[in-house]
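**Student:** Fold the following for me, if possible:
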Amino acid sequence: MQGKQPVATLEEAKAFIRANTRITGVSGLGDLRVYQADELTPLWEATEKDLARANVAPPFWAFPWAGGQALARYVIEHPAQFVGKRVLDIASGSGLVAIAAALAGAKEVAANDIDPMCEAAIRLNAELNSVDIRYIGGSLLEGKPPAFDVIVAADVFYEQRPAQMFRAFLEKSHKAGITVFAGDPGRSYFPRDAFRQVSEYAVHTTTEIENHPIQTARVWTL
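**Tutor:** Predicted coordinates:
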């Protein structure tokens, strides 16, 4: 998910998340738990107020998005494709898919995002699930293909320009020999022509971030 400036120290951000969200499970993901919010706008306003920063990114890290839920389920249900692998979760948000990869037996898992709040959320959620996830901050989209075996990307095709950038990055990585999986609930800018569907799920979400409480989300590969 997106963000532009540091909002707090890591410990301040972690304390804020503990105080303003609750630990809950995610439907279809067994014992996996994450810190979640009930409402987006009040949490967004509290982020700016309590952490004394203006123009922070919306707290997308506080919700299990539909594409991420579907991709996390696929990872957990198909561990053979991830066990022993080096996995990068790009635009990780809460770290949901990264956690699923670690639980599936990945050798190494890294989570990347450009929103500084995501580092705190990912570290807290990793601790909750007793897994080790390395955080990588900043954009990776214009660099060389990263040194991973698998890249997972959920809910990244939400606007035209980011969708183009993510597509180019994922195709570049695929050509370099990296396996790519994407989770998407039918966003307008998802490039169906470039991907092959491997699974489909009905996932429970919230109208705080989606139009309907139950979404059909699909998992795709290049």
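**Student:** hey, what's Arg134 bridged with?
**Tutor:** When assigned by DSSP bridges, Arg134 has beta-bridge partners Ala110.
**Student:** pretty sure it contacts Ala110?
**Tutor:** Yes: using CB atoms under 8 Å, Arg134 is in contact with Ala110, at 4.4 Å. Any C-beta I mention is one placed from the backbone N, CA and C, and that applies to glycine too.
**Student:** more neighbours, the two?
**Tutor:** In this view Arg134 and Ala110 are compared by other CB atoms under 10 Å, and Ala110 has more residues nearby, 23 against 13.
**Student:** can you pull the contacts of that one?
**Tutor:** When the contact criterion is CB atoms under 8 Å, 6 or more residues apart in numbering, the partners of Ala110 are 86-89, 98, 133-136, 148.
**Student:** Using ChimeraX, make a named selection holding only the buried ones among these.
**Tutor:** With 16 or more other CB atoms under 10 Å as the criterion, this ChimeraX line picks the buried residues out of these:
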select :86,87,88,89,98,133,135,148
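**Student:** Just name the shakiest helix or strand of the protein by mean pLDDT.
**Tutor:** The helix or strand of the chain with the poorest confidence is helix 40-50; it has a mean of 88 (mean pLDDT, DSSP states H and E).
**Student:** burial measure for Lys172, as a count.
**Tutor:** In terms of burial, Lys172 registers 15 neighbours under the definition other CB under 10 Å.
**Student:** For Trp65, list the residues it contacts.
**Tutor:** With contacts defined as CB under 8 Å, 6+ apart, Trp65 is in contact with 93, 96, 154-155, 185, 205, 209-210.
**Student:** Tell me the first helix or strand C-terminal of the least confident helix or strand of the chain.
**Tutor:** Per DSSP states H and E, helix 40-50 leads on to helix 66-77 as the next helix or strand towards the C-terminus.
**Student:** Can you name every helix or strand that that following helix contacts?
**Tutor:** When contacts are defined as 3 or more CB pairs under 8 Å, 6 or more residues apart in numbering; DSSP states H and E, helix 66-77 packs onto helix 96-103, strand 150-154, strand 179-184, strand 196-204, strand 214-221.
**Student:** quick one: Gly68 and Gly93, what's the gap?
**Tutor:** 7 Å (CB to CB, to the nearest Å).
**Student:** These two - which one has more neighbours?
**Tutor:** Neighbours were counted for Gly68 and for Gly93 using other CB under 10 Å; Gly68 has more, 32 against 29.
**Student:** and the longest helix along the chain with strand 214-221, angle?
**Tutor:** If you go by DSSP state H, the chain has its longest helix at helix 160-175. Angle between the axes of helix 160-175 and strand 214-221 is 40 degrees (criterion: axes from the mean of the first three to the mean of the last three CA atoms, to 10 degrees).
**Student:** How far off centre is helix 160-175?
**Tutor:** Mean C-alpha position of helix 160-175 versus that of the full chain (CA atoms, centre = their mean, to the nearest Å) differs by 16 Å.
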